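A.B. asks: Predicted structure and sequence below. I'll ask about it afterward.
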Protein chains: 2
Amino acid sequence: MWWAGSAAPMIAPDRGRPLNAADTRQRILMTAMELFWEKGYLSTSVADILSRSQVHSGSLYHFFPGKQDVLVGVLELYRDGIDEMLLAPNWEGVDDPIDKIFALLAGYRTHLIVTDCTYGCPIGSLALEIHEPDPVVRDLMAANFTGWSTAIAGCFNAAADRLPKGADRKALGEFVLTVMEGAVMQARTYRDIGYFDRNIAVLRDYITTLMATAKDDSFA
Amino acid sequence: MWWAGSAAPMIAPDRGRPLNAADTRQRILMTAMELFWEKGYLSTSVADILSRSQVHSGSLYHFFPGKQDVLVGVLELYRDGIDEMLLAPNWEGVDDPIDKIFALLAGYRTHLIVTDCTYGCPIGSLALEIHEPDPVVRDLMAANFTGWSTAIAGCFNAAADRLPKGADRKALGEFVLTVMEGAVMQARTYRDIGYFDRNIAVLRDYITTLMATAKDDSFA
DNA sequence: AGATGAGTTGATTGAACATTCAACCAAGCG
DNA sequence: CGCTTGGTTGAATGTTCAATCAACTCATCT
């Protein structure tokens, strides 16, 4: 407006307290992680992040060139934290590699239960939500998928002696990711955990059959 | 603005030609279907729909109370058109029920190929994109999933004699949907059809194994 | 002929949006 | 002490968005 110049800064009550360095950056990323998970990337406004994290817009734009760069930060956090944040908590006290696979899936089941089947895999949601992703974003989503399915493939490798000789264990890791994502998608859409459970049951049947086949092979 | 009243209608060049009734409604829905598929629901603006369909905002809001009602119309179109639009084209000349399953999956593969692995299942994308869907929208997405997996379950039913006696064929239908959605999600994220193919190969292995098991059973 | 109402027009509205910026602050250093 | 540097503040900006509406047209019915 033409009168904008007259609305000069007035009191400046308690500005500028750079308390502790990259604390703000971390708070922004944690808040954004929460919000992207709850509402998705597109439905989360910068104002949402600002109000929940108690950070002011200038501070956010001091650390991140734009909203997408916040997303990049969140995806890096997921990628770098897969072991401590996802695998370790679900694999506590679980030794058998095949049990580990289903323990991880049980973790997703728990998340569905406590959120009344409303939330899902944050990476999967982002992957389908953003239709024309920036290459940086797309690569990070792919890296997250790779981290996940590689971990499962590692379980299959650790149980290689119980699987058929020619089994493509990398493909099996990708398959478990596929089933998890599809099962979560259906449970979420129907708001019914039964869809998740039945899908996992079929997967379990397949892996059981696979191991039974391997046993037969060893006799042949 | 205060001067708005003075900007009165001037010439009214060629207004009001209600050419052919619900033609406009159909054009809106078809355009919206395209756009939601290409860019998703949230990233498609009403203005996008208007400009591509050559319809004016007033006309759109004459037929639909709001943007979400356009989505409802599109989802109804998908639900009601699953046979003619999806199944029939993919099952032309395919008789064997198990072949039908993989013919349908091959259809999704073709779509991925011709779009350079950028597009995916329109329902799956919507399901993960809209985090807090209106019950009407959610029910319609669920109905679309049910239509899909029921069709596959029908294939398994038609091939029931080749499957193990106790096989849960409804659950198998849901499982095939799960694998399709997960496989499309990965192919799209990696921009690599290999992720789709490997997932379908594993699914084929499972179903083959299932049928082999059934054959063994009959000897027992 | 006159009235009716389904359908059309596009400028307009107000909210929400991502982003900017001039002013400001405090710690550390020379 | 003065100056730089990294951080903070929040009002302002310009755009985009879904939605509105008074004015208008024309086929159909009475």
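C.D. replies: Cool, got the structure.

A.B. asks: can you pull out the strands in chain A?
C.D. replies: Read by DSSP state E, chain A holds no strands at all.

A.B. asks: can I see the domain layout of it?
C.D. replies: A:20-66, A:81-219 (automatic domain parsing).

A.B. asks: Spell out whether the last one and DNA strand C are in contact.
C.D. replies: If I follow you right, that is domain A:81-219. No. If you take CB under 7 Å from any atom of the strand as the test, domain A:81-219 misses DNA strand C, and the best it gets is 11.5 Å. Just so you know, the C-beta spots here come from the backbone N, C-alpha and C atoms, and that holds for glycine as well.

A.B. asks: Just the mean pLDDT for that domain, thanks.
C.D. replies: Averaged over domain A:81-219, pLDDT sits at 96.

A.B. asks: Do that domain and DNA strand D come into contact?
C.D. replies: No. Taking CB under 7 Å from any atom of the strand as the criterion, domain A:81-219 and DNA strand D are apart, separated by no less than 13.4 Å.

A.B. asks: from chain A, which residue is nearest to DNA strand D?
C.D. replies: For chain A, the residue closest to DNA strand D is A:Gly58, as judged by CB to the nearest atom of the strand, at 1.9 Å.

A.B. asks: Count the neighbours of that residue for me.
C.D. replies: Counted with other CB atoms under 10 Å in any protein chain shown, the neighbours of A:Gly58 add up to 8.

A.B. asks: Deepest-packed of the domains of chain A, please.
C.D. replies: Among those, domain A:81-219 has the highest mean neighbour count (mean count of other CB atoms under 10 Å in any protein chain shown), at a mean of 18.

A.B. asks: Please enumerate the helices of chain A.
C.D. replies: Assigned by DSSP state H, chain A shows helices spanning A:23-39, A:46-53, A:57-63, A:67-80, A:88-90, A:97-114, A:122-129, A:135-158, A:169-190, A:193-219.

A.B. asks: for the nearest residue to A:Leu77 once chain neighbours are set aside, what are its contacts?
C.D. replies: Sequence neighbours aside, A:Leu29 is the residue nearest to A:Leu77 in space, at 5.9 Å (criterion: CB to CB, 6 or more residues apart in numbering or on different chains). Contacts for A:Leu29 were tallied using CB atoms under 8 Å, 6 or more residues apart in numbering or on different chains; they are A:Val70, A:Gly73, A:Val74, A:Leu77.

A.B. asks: hang on, the last one packs against A:Glu34?
C.D. replies: No. Taking contact to mean CB atoms under 8 Å, the distance of 11.6 Å between A:Leu77 and A:Glu34 leaves them out of contact.

A.B. asks: circling back to that earlier point, any idea how far the residue nearest to A:Leu77 lies from A:Leu60?
C.D. replies: Going from A:Leu29 to A:Leu60 by CB to CB, to the nearest Å gives 10 Å.

A.B. asks: Now list whatever residues contact both of these two.
C.D. replies: Common contact partners of A:Leu29 and A:Leu60 (CB under 8 Å, 6+ apart): A:Val70.

A.B. asks: Could you tell me how far A:Met180 is located from B:Val202?
C.D. replies: For A:Met180, the distance to B:Val202 - CB to CB - is 14 Å.

A.B. asks: do A:Leu203 as well
C.D. replies: 10 Å.

A.B. asks: try A:Ala212
C.D. replies: Counting by CB to CB - A:Ala212 and B:Val202 are separated by 17 Å.

A.B. asks: Next: A:Tyr195.
C.D. replies: 20 Å.

A.B. asks: Repeat that for A:Val114.
C.D. replies: From A:Val114 over to B:Val202 (counting by CB to CB), the distance is 31 Å.

A.B. asks: A:Arg25 now?
C.D. replies: 41 Å.

A.B. asks: what's the answer for A:Ile113, then?
C.D. replies: For A:Ile113, the distance to B:Val202 - CB to CB - is 28 Å.

A.B. asks: A:Met141 now?
C.D. replies: From A:Met141 to B:Val202 the distance is 22 Å (CB to CB).

A.B. asks: again with A:Asp192
C.D. replies: With CB to CB as the criterion, A:Asp192 and B:Val202 are 26 Å apart.
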